[in-house]
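**Student:** this one's structure only:
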């Protein structure tokens, strides 16, 4: 029962994917290839995981077959690819509780409860949660103006056109946003509390060449504005201050990641942050698989490209777990009949 006494919403699927980032979305496609009904749950309100939340406009260069693809475009393509098989997306809800449902006629099933009380009954689970639930490190100044000029991510570059933008931070995200915003904003200023940057050296060099103003050894201490950001106050280490015009402030100070409730699912963990898997992408709990950045094994490389292969392996092994008579190899996609287009 839910808090108001109503029966919880219940979904029944063959496979549940926990995490709607690129790896989870590709897993939804592969579940469809195997003829499995699938649900994808994610705590974020939109699919795409970190790519959608943090760098939707950033070019990605290491996706096979794409010399360059924007994060937003990659997510759109993955959604279209998986959409052939009508996966169920459960967004804005965190997978919290995992319970076994013993079965006398086959492998045990699983019941996963979300943060809203929704119940998902499934035969297998693939955890594709990336780094887990992530929250941005806050900018101490001006939190009351969050969403009113202050933001931690840049969902749409167009919103920053012809504005004065202050980017705060010294990592890759901060430098990437400077490079992306410089061509369209009226002005871009980067404020970093140190002289040295954490970002990749080539990216830092590009920032210095792009024409943006760079202020180091300083911090944004105050955001000024009535109901929205109008200017920012920057204080240097020597105590001197300056006020800059700014209608937009991007605080790219990194984020905190947490596996959250998955820690209580009894799967073996490495360093309390990553899930240990074998060559089948199987965890220590039968019927629970994992793929992508959340996994750990000897020689692990954390790239989207690697995650795509891992989730294909996980889904195909989950298909065999669900039906021991099923073939592990799914066949070649070129041998399969295309999915009929939906009738309007």
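**Tutor:** Noted; the coordinates are in hand. Keep in mind that what you see is a predicted model, and the values were worked out from it rather than measured. Residues are numbered from 1 along each chain as shown.

**Student:** Which residues are in contact with residue 329?
**Tutor:** Counting by Cβ atoms under 8 Å, 6 or more residues apart in numbering, residue 329 touches residue 316. In short, each C-beta sits where N, CA and C put it, glycine included.

**Student:** for it, helix, strand, or coil?
**Tutor:** Secondary structure for residue 329, judged by DSSP: H, G, I helix; E, B strand; the rest coil, is coil.

**Student:** ok, now residue 16?
**Tutor:** strand.

**Student:** what about it, how many residues close to it?
**Tutor:** Other residues near residue 16 number 28, with proximity taken as other Cβ atoms under 10 Å.

**Student:** my read: it touches residue 36, true?
**Tutor:** No: the pair residue 16 and residue 36 does not pass the contact test of Cβ atoms under 8 Å, sitting 10.3 Å apart.

**Student:** lowest-pLDDT helix or strand in the chain?
**Tutor:** The helix or strand of the chain with the poorest confidence is strand 133-136; it has a mean of 73 (mean pLDDT, DSSP states H and E).

**Student:** May I see the buried residues of stretch 272-291?
**Tutor:** When burial is assessed from 16 or more other Cβ atoms under 10 Å, stretch 272-291 yields the following buried residues: 274-275, 277, 281-283, 285, 287-291.

**Student:** Pick out the most distant pair among those residues.
**Tutor:** Distance extremes for these: the farthest pair is 274 and 287 at 19.5 Å, using Cβ to Cβ.

**Student:** Where does the prediction get shaky in the chain?
**Tutor:** Across the chain, residues meeting the criterion (pLDDT under 70) sit at 1-5, 132, 134, 337-344.

**Student:** Tell me which other helices or strands the longest helix along it touches.
**Tutor:** Among the elements of the chain assigned as helix by DSSP state H, the one spanning the most residues is helix 304-322. Packed against helix 304-322, as judged by 3 or more Cβ pairs under 8 Å, 6 or more residues apart in numbering; DSSP states H and E, are the following elements: strand 10-18, helix 22-33, strand 119-127, strand 288-290.

**Student:** Need those in TSV (columns: distance to residue 335).
**Tutor:** Putting these into TSV (distance: least, Cβ to Cβ, whole Å) gives the following:
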stretch	distance to residue 335
strand 10-18	22
helix 22-33	11
strand 119-127	24
strand 288-290	25
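
**Student:** wait, which of the ones you listed is closest to residue 233?
**Tutor:** Scanning the helices and strands packed on helix 304-322 with Cβ to Cβ as the criterion, the closest one proves to be helix 22-33, at 39.0 Å.

**Student:** angle of the closest one against strand 119-127?
**Tutor:** Here helix 22-33 runs at 110 degrees with respect to strand 119-127, directions being taken by axes from the mean of the first three to the mean of the last three Cα atoms, to 10 degrees.

**Student:** helices or strands up against helix 22-33?
**Tutor:** For helix 22-33, the contact count by 3+ Cβ pairs under 8 Å, 6+ apart identifies strand 10-18, strand 38-42, helix 49-54, helix 71-83, helix 304-322 as packing neighbours.

**Student:** quick one, which of these is nearest to residue 241?
**Tutor:** Of all the helices and strands packed on helix 22-33, helix 49-54 comes closest under Cβ to Cβ, at 30.3 Å.

**Student:** Now the closest one: buried residues?
**Tutor:** Applying a neighbour-count criterion of 16+ other Cβ under 10 Å, one finds 49-54 buried in helix 49-54.

**Student:** So which of those residues is the closest to residue 182?
**Tutor:** Within those, the smallest distance to residue 182 is 18.4 Å, found for residue 54 (Cβ to Cβ).

**Student:** how far away is the residue nearest to that closest one when sequence neighbours are not counted from residue 162?
**Tutor:** Taking Cβ to Cβ, 6 or more residues apart in numbering as the measure, residue 54 lies nearest to residue 153, with 5.6 Å between them; neighbours along the chain are not counted. Residue 153 sits at a distance of 20 Å from residue 162 (criterion: Cβ to Cβ, to the nearest Å).

**Student:** Which one's more surrounded, the two?
**Tutor:** Of the pair residue 153 and residue 162, residue 153 is the one with more neighbours under other Cβ under 10 Å, namely 17 against 9.

**Student:** Tell me which stretches of the stretch 101-250 of the chain form helices.
**Tutor:** Ranges of helices within the stretch 101-250 of the chain are 172-181, 201-209, based on DSSP state H, counting those that start in this stretch.

**Student:** Good, we can wrap up now.
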